[in-house]
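In: I need the structure of the sequence given here:
(one chain, ligands or ions: 1)
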Amino acid sequence: MCCDEFAISLIIRDFLSIRHAEPKANLYYNLAIFKGIFCSLHYDPMNGNIIINNASQLVTCSGFRAKQGKSMSDLHVIDHGAVVIEKGIITAVGKTEDVLAGSDKTGFETIDATGKAVLPGFVDSHTHFVFDGYRAEEFSWRLCGEDYMKIMERGGGIVSTVGATRKASREELIESGRKRLDSMLSFGVTTVEGKSGYGLDEETEIKQLEVMEALDRMHAVDIVRTFLGAHAVPTDFKGREEQYIDYMTDIVMPLVARKKLAEFCDIFCEKDVFSLEQSRRLLLKAKELGFKLKIHADEIFPLGGAELSADLGAVSADHLLHASDNAIAKMAKGGVIATLLPGTAFSLREPYARGRYIIDQGCAVALATDFNPGSCFSESIPLIFALATLSMEITIEEAITALTINGAAAVDRADRIGSLDAGKIGDVVILEFPSYKFIPYHVGVSCVEKVIKNGILVYDKQNKNSR
Ligand SMILES: [Zn+2]
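Out: Below you'll find the model as predicted:
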């Protein structure tokens, strides 16, 4: 952050105007300006007004809702394309010559994307990025063949992260969270979903969500908050799972709702964690309180969480390594997004979810990192592209859809982000290469050269200080 005093005074002015903003578009603009000044290298009166032209490929991913099955292959690529962003919102998309014909470019910054592919910002729709308590030792034990029970006995597992996160101050969590968001941004992520779930008590669950709220205000990357109080059974509730669910539904969840700290509610529905019935009970209460629903479903054991997601009208069911054929058919019919997390299967050396089959059955698939300190300590988007295309029989086009418009749908924002369409927020990624096919081809390496958030350049590989 490199704000001078002038910029800081503008931040304060614009922050105040956010609070008094009336129309929604105006709010987006104010947020764009606020976040842009906060995160970009210097204040520029053209902030939010930008034209990106001459792109060898403008990969629009055009659409305003999730793409299911075959339609996941439609990227709507425009050769020699251009996109115009005005006050943070996309106003024109098309061939460069058509878009620029007769348009007044005064007050616009221009980026020449000759020889480069341009895409919507990526949406990482499943992460646990706010935590303290790394588990590198545990990772090494796992590589030596120790099972989860043995690891728990040695003081590892989620309990260790919960202990450290409870002890961590807000400032410490903000500082580590900010660095992780910086890294995500460098991979082209412009919106991320983040879950609580390392507190498992009222105080820390609220703390994690408030930290995400603060980070959302101060960082270019937008954060969608999910309440995951039912991530695990804390030690003091062992054997009293029903009472823990009561504690969550009667005390913590209503407080989260009252404070408007989370938009989604999620649960780890898994054998020996929370049963199908407990999951149904918690999610029904969440729905009643106005939360949208997500489920960690059928990751280790085919318990039926995926079917439950369709029964309850969840926005997404995530993991799905052991989801049944029947569950996948129900999810396709019900429009539940299947969020696949190959980084976790890779890190745990488990078989991948059946990506090809799930798409062929007509589901809308999203891909996400599941960034967390235990089962997948990676926020790498290049890793996800590599695993999806090389190990899950997902095509490059489908993988891009899964990380853009379908990722947006998995956080219920397909109307606002996830594609380059007029009216959407100006979140754009510019690659170093002329084709989107370089993303998995340049395996494991980020091809992202620039990231534009709300029409403002917030990351530039050439100038690492730009965010
Ligand atoms: Zn997760």
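In: Can you show me the helices along the stretch 351-467 of the chain?
Out: Assigned by DSSP state H, counting those that start in this stretch, the stretch 351-467 of the chain shows helices spanning 355-360, 381-391, 396-403, 405-410, 438-441.
In: Just say which of the ones you listed is most tucked in.
Out: helix 405-410 (a mean of 32; mean count of other Cβ atoms under 10 Å). Quick note: C-beta positions are derived from backbone N, CA and C, even for glycine.
In: pLDDT on that one, on average?
Out: In this model, helix 405-410 has a mean pLDDT of 98.
In: chain center to it: distance?
Out: Its chain's average C-alpha position is 9 Å from that of helix 405-410, according to Cα atoms, centre = their mean, to the nearest Å.
In: Going forward, count from 51.
Out: Okay, residue one is now 51; in that scheme the one you just asked about reads as helix 455-460.
In: For that helix, give me every contacting residue.
Out: Outside of helix 455-460, the residues within contact range by Cβ atoms under 8 Å, 6 or more residues apart in numbering are 111, 113, 115-117, 122, 170, 172-176, 241, 243, 365-366, 387, 389, 414-418, 464, 466-469.
In: and what of stretch 314-327?
Out: 243, 245, 247, 274-278, 280-283, 291, 295, 303, 328-329, 332-333, 336, 339, 341-347, 349-351, 353-355, 358, 365, 368, 461.
In: what do you get if the cut-off is 7 Å, keeping everything else the same?
Out: Residues outside stretch 314-327 that contact it (Cβ atoms under 7 Å, 6 or more residues apart in numbering) are 245, 276-278, 280-283, 291, 303, 329, 332-333, 336, 341-347, 349-351, 353-355, 358.
In: hmm, back to that, of all the helices of the stretch 401-517 of the chain, which one comes closest to Ile208?
Out: For those, the distance to Ile208 is smallest for helix 431-441, at 22.4 Å, taking Cβ to Cβ.
In: how far off helix 446-453 does that closest one point, in degrees?
Out: Between the axes of helix 431-441 and helix 446-453, defined by axes from the mean of the first three to the mean of the last three Cα atoms, to 10 degrees, the angle is 140 degrees.
In: Quick one: mean pLDDT over helix 431-441.
Out: Taken as a whole, helix 431-441 has a mean pLDDT of 98.
In: helices or strands up against that helix?
Out: Packing partners of helix 431-441 (3 or more Cβ pairs under 7 Å, 6 or more residues apart in numbering; DSSP states H and E): helix 392-398, helix 446-453, helix 488-491.
In: Any chance of those helices in CSV with distance to Gly138 as columns?
Out: Converted to CSV, the helices and strands packed on helix 431-441 look like this (distance: least, Cβ to Cβ, whole Å):
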stretch, distance to Gly138
helix 392-398, 31
helix 446-453, 22
helix 488-491, 26
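In: nearest to Ile224, of those helices?
Out: helix 392-398 (24.6 Å).
In: May I see the buried residues of that closest one?
Out: The neighbour-count check on helix 392-398 (16 or more other Cβ atoms under 10 Å) flags Pro392, Gly393, Thr394, Ala395, Phe396, Ser397 as buried.
In: OK, contacts around the fifth one?
Out: In other words, Phe396. Phe396 neighbours (Cβ under 7 Å, 6+ apart): Leu437.
In: Out of the helices of the stretch 401-517 of the chain, which is closest to Ile378?
Out: Across the helices of the stretch 401-517 of the chain, closest to Ile378 is helix 405-410 (Cβ to Cβ), at 5.6 Å.
In: For that closest one, output the C-alpha coordinates as CSV.
Out: Provided in CSV are the C-alpha atoms of helix 405-410 (Å, rounded to 0.1, in the frame of the first residue of the first chain):
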residue,chain,number,x,y,z
GLY,A,405,-15.3,-34.4,-13.1
ARG,A,406,-16.0,-35.7,-16.6
TYR,A,407,-19.0,-37.8,-15.4
ILE,A,408,-20.5,-34.9,-13.4
ILE,A,409,-20.3,-32.5,-16.4
ASP,A,410,-21.7,-35.2,-18.8
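In: got the contact list for it?
Out: So helix 405-410 is contacted by Gly119, Met122, Ile378, Ala388, Leu390, Val415, Ala438, Met442, Glu443, Ile444, Glu448 (Cβ under 7 Å, 6+ apart).
In: Number of residues surrounding the first one?
Out: Right, the one you point to is Gly119. 16 (other Cβ atoms under 10 Å).
In: residues contacting it?
Out: Gly119 neighbours (Cβ under 7 Å, 6+ apart): Ile409, Gly412, Cys413.
In: For these, please prepare JSON lines with the additional fields pLDDT and distance to Val479.
Out: Output for these, formatted as JSON lines (pLDDT from 0 to 100; distance: Cβ to Cβ, whole Å):
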{"residue": "Ile409", "pLDDT": "98", "distance to Val479": "23"}
{"residue": "Gly412", "pLDDT": "98", "distance to Val479": "28"}
{"residue": "Cys413", "pLDDT": "98", "distance to Val479": "25"}
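In: pLDDT at Phe396, what is it?
Out: 96.
In: State the distance from it to Lys229.
Out: Distance, Phe396 to Lys229, using Cβ to Cβ, to the nearest Å: 23 Å.
In: count of residues packed around the nearest residue in space to Ala436 that is not next to it in sequence?
Out: Distances taken as Cβ to Cβ, 6 or more residues apart in numbering place Val493 nearest to Ala436, at 5.1 Å, with adjacent residues excluded. Counted with other Cβ under 10 Å, residues neighbouring Val493 total 12.
In: ok so Val261 is a helix residue?
Out: Yes - applying DSSP: H, G, I helix; E, B strand; the rest coil, one finds Val261 inside a helix.
In: Excluding chain neighbours, what is closest to it?
Out: Per Cβ to Cβ, 6+ apart, closest to Val261 is Leu223, 4.5 Å.
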